[in-house]
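Novice: Take this sequence and fold it.
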Amino acid sequence: MTTRRHSGSERLANARASQERRELDQHAKALCTVDEHATDPRDRAMLIAMLGLDEASSPAPVRDVGPLS
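Specialist: Residues are numbered from 1 along each chain as shown. Here you go, the predicted structure:
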């Protein structure tokens, strides 16, 4: 039985792809959190700007919860 050995460049490519998937997942979770906490579209835009997130990657509308008491 032979064992396939990965070359250094293949391991590096796999590591980069894995890291990119983790970053995309983290970004998506951050946007979901923003959507859960934003009270209106203006608040959502402010939170996204504060966190340095890409607003275009989450076109989901924010529910209007009304004024805070």
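Novice: so where's this protein shaky on pLDDT?
Specialist: 1-6, 55-69 (pLDDT under 70).
Novice: Going by neighbour count, list what's buried in the longest helix seen in it.
Specialist: Criterion DSSP state H: the longest helix present in the chain is helix 8-37. By neighbour count with 16 or more other CB atoms under 10 Å, helix 8-37 contains the buried residues 30-31, 34-35. For the C-beta atoms, the positions are set from N, CA and C on the backbone; glycine is no exception.
Novice: immediately after that helix, which helix or strand?
Specialist: Where DSSP states H and E defines the elements, the next helix or strand beyond helix 8-37 is helix 41-51.
Novice: and the angle from that following helix to helix 8-37?
Specialist: On the basis of axes from the mean of the first three to the mean of the last three CA atoms, to 10 degrees, helix 41-51 is oriented at 140 degrees to helix 8-37.
Novice: other SSEs contacting helix 41-51?
Specialist: Counting contacts by 3 or more CB pairs under 8 Å, 6 or more residues apart in numbering; DSSP states H and E, helix 41-51 packs against helix 8-37.
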